[in-house]
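# quick one, fold the following:
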Amino acid sequence: MSQTNQVPKIGFVSLGCPKNLVDSERILTELRTEGYQVVPTYDDADLVIVNTCGFIDSAVQESLEAIGEALDENGKVIVTGCLGAKENQIREVHPKVLEITGPHSYEQVLSHIHHYVPKPSHNPFTSLVPEQGVKLTPRHYAYLKISEGCNHRCTFCIIPSMRGDLDSRPIGEVLNEAKRLVNAGVKELLVISQDTSAYGVDTKHQTGFWDGMPVKTSMVSLCEQLAKLGIWVRLHYVYPYPHVDEVIPLMAEGKILPYLDIPLQHASPKVLKLMKRPGSVERTLERVKRWREICPELTLRSTFIVGFPGETEEDFQMLLDFLTEARLDRVGCFKYSPVEGAKANELPDQVPEEVKEERYHRFMQLQQQISTERLQEKIGKVLPVIIDEVDEEGAIGRSMADAPEIDGAVYLNEQFDVEPGQIVRVLIEHADEYDLWGTIVEQ
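I've put the predicted structure just below:
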């Protein structure tokens, strides 16, 4: 048998959010280092890993279907990720799964792989793995996960039961990873966690070290250091603590991107209290106004839930009024659906499905109008745009106001002399409710 044929092969399926993607990257990096070959099809694999999502019912269903497909096509399957925290639920549907682990159980996953498909008896294959590790994103951007878990107990959410309480990574370790990514050609870092603004709370913001200098373990200090790397830095999953105000001047000074992903969830104090979320809408509007005064270019993204138990028409109207006044740039909306294990399931006054659907459409109709107006304001302006891809019609990129996957795009039709990761200046000529069109101007 040839040496090539002896290389053990692993199939891999990664589902869910960017935080799960980072977990997948870590496992894949270790597998490559140990000499395993990662293959794109089930039939070539000696074993398949499915990294699952279990946040909402549709994600659970997608994960269960992916496990079933892997079992049908291959037969040897190890399950990890958020849904893995509910082993019994998986076993009921798929009793033939070999092993099940919860999220961020890297060592356990690798141990199971070694048991079923022994690793090659060679020295580590470090030459096969780039210094920044295996990445599942395009070369020019990467997710930087700074912590695991969450200390909040929002009644609609089960993440703490799956991923545990807040566990912040050492700031020196985070910054070293960021530096490696930049050295490898990354032009944009997307800072993620379950609760980015809580970074360091669990360590009492202890002082760490990077490049021989003391650095406080906090979101603000992290942003100050990342700003020195000379790339785009984008903040996601920022819970609206008071100290979030401190990063706005960094955005105004151009040190990090003027972009804040801040999940507000609702605007009715009553509903927010039922959700166990902060409830002062007036204060939120005041802060939004102040942030925009400090940083006029600020893009605000948020997510909301409609049809939460106890939400009346009056509560919903408060949410619409908030949208009208806040004029957020990018907004996602979810119809509330019960999640197994969530406290909200026990709340009275569940909202009928047809009412949820009707409110969802009213919400999206209003926000689409606001988004359209916000984008129309960009016509005639010259914006920095990072190129994501070039196809047969031209280049496609994103402005500072657009995160990958979840926001809009900037289309540069019939412009081919650019490459992914390049940042160009674009004159915006047209807009719809989500996207922009423009032409590259002299650099």
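# setting aside sequence neighbours, what's the nearest residue to E246?
V220 (4.8 Å; C-beta to C-beta, 6 or more residues apart in numbering). (Glycine included, C-beta is placed from N, CA and C.)
# ugh, typo on my part, it should be V39
What sits nearest to V39 in space, not counting adjacent residues and going by C-beta to C-beta, 6+ apart, is K9, at 4.7 Å.
# if you drop the residues flanking it in sequence, what lies closest to S14?
S24 (3.8 Å).
# now do the phi/psi pair for the one you found.
Backbone torsions of S24, given as degrees, to the nearest 10, read phi -60, psi -40.
# how about low-confidence regions in the chain?
Filtered on pLDDT under 70, the chain yields the residue ranges 1-5, 121-137, 443.
# which outside residues touch the longest helix out of those in it?
Longest helix in the chain by number of residues (criterion: DSSP state H): helix 353-376. Residues outside helix 353-376 that contact it (C-beta atoms under 8 Å, 6 or more residues apart in numbering) are 304, 306-307, 311, 316, 319-320, 323-324, 327-331, 333, 335-336, 408, 431-436.
# ditto for stretch 288-302
The contact list for stretch 288-302 (C-beta under 8 Å, 6+ apart) reads 245, 248-249, 251-252, 258-264, 326, 328-332, 400-401, 403, 406-407.
# repeat the analysis, applying 7 Å as the threshold.
248-249, 251-252, 258-264, 326, 328-331, 401 (C-beta atoms under 7 Å, 6 or more residues apart in numbering).
# now, which of these lie within helices?
248-249, 251-252, 326.
# distance to P95 and neighbour count for those - can I get that in a markdown table?
A markdown table is the format used below for the ones in helices among the contacts of stretch 288-302 (distance: C-beta to C-beta, whole Å; neighbours: other C-beta atoms under 10 Å):
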| residue | distance to P95 | neighbour count |
| --- | --- | --- |
| I248 | 52 | 20 |
| P249 | 56 | 13 |
| M251 | 51 | 24 |
| A252 | 57 | 16 |
| A326 | 49 | 19 |
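# run a quick neighbour tally on P296.
Using other C-beta atoms under 10 Å, the number of residues around P296 comes to 9.
# just name the closest of the ones in helices among the contacts of stretch 288-302 to L229, please.
Nearest to L229 among those: M251, at 15.7 Å, using C-beta to C-beta.
# for the closest residue to the closest one other than its chain neighbours, what are its contacts?
Excluding its sequence neighbours, the residue lying closest to M251 (C-beta to C-beta, 6+ apart) is P258, at 4.1 Å. P258 makes contacts with 251, 295, 297-299, 400, as judged by C-beta under 7 Å, 6+ apart.
# contact partners for the residue nearest to V39?
Here K9 is in contact with 37, 39, 44-46 (C-beta under 7 Å, 6+ apart).
# is it in a bridge, and if so with what?
As for beta bridges, K9 partners with Q37 under DSSP bridges.
# then the one 4 residues further on?
The bridge-partner assignment for V13, based on DSSP bridges, gives V50.
# quick check, it in contact with E69.
No - V13 is beyond contact range of E69, at 8.4 Å (criterion: C-beta atoms under 7 Å).
# more neighbours: those two, which one.
Taking neighbours as other C-beta under 10 Å, V13 and E69 compare with V13 leading, 19 against 15.
# against C82, how distant is that one?
Distance, V13 to C82, by C-beta to C-beta, to the nearest Å: 14 Å.
# what about the helices in this protein?
Going by DSSP H, the chain shows helices at 3-6, 18-33, 57-73, 87-93, 106-116, 159-163, 171-183, 219-226, 248-252, 269-275, 281-294, 313-326, 353-376.
# and the fifth one, what does it pack onto?
What that stands for is helix 106-116. helix 18-33, strand 47-52, strand 77-81 (3 or more C-beta pairs under 7 Å, 6 or more residues apart in numbering; DSSP states H and E).
# would you turn the ones you listed into TSV with mean neighbour count and distance to E419?
Below are these laid out as TSV (neighbours: other C-beta atoms under 10 Å; distance: least, C-beta to C-beta, whole Å):
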stretch	mean neighbour count	distance to E419
helix 18-33	21	23
strand 47-52	26	30
strand 77-81	27	34
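# quick one: which of those is nearest I440?
Closest among these, using C-beta to C-beta: helix 18-33, at 28.8 Å.
# now do the closest one against helix 106-116, angle only.
40 degrees (axes from the mean of the first three to the mean of the last three C-alpha atoms, to 10 degrees).
# work out the gap between helix 18-33 and the centre of the chain.
Offset of helix 18-33 from its chain centre (C-alpha atoms, centre = their mean, to the nearest Å): 15 Å.
# kindly report the same for stretch 418-434.
Distance of stretch 418-434 from the chain centroid (C-alpha atoms, centre = their mean) equals 23 Å.
# need the contact partners of it.
Contact with stretch 418-434 is made by 138-140, 185, 187, 368, 371-372, 375-376, 378-390, 395, 408, 410, 412, 436-441, 443, as judged by C-beta under 7 Å, 6+ apart.
# which residues touch K187?
So K187 contacts 140-141, 231-232, 386, 421, 423 (C-beta under 7 Å, 6+ apart).
# circling back to that earlier point, select, out of the helices and strands packed on helix 106-116, the one closest to Y199.
helix 18-33 (13.7 Å).
# give me the helices and strands touching that closest one, please.
By 3+ C-beta pairs under 7 Å, 6+ apart, helix 18-33 packs against strand 9-14, strand 37-39, strand 47-52, helix 106-116, strand 141-145, strand 188-192.
# helices or strands next to the last one in the packing?
This points to strand 188-192. Under the contact rule (3+ C-beta pairs under 7 Å, 6+ apart), strand 188-192 is packed against helix 18-33, strand 141-145, strand 232-235.
# turn these into CSV, including distance to R287.
Converted to CSV, these look like this (distance: least, C-beta to C-beta, whole Å):
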stretch, distance to R287
helix 18-33, 26
strand 141-145, 25
strand 232-235, 15
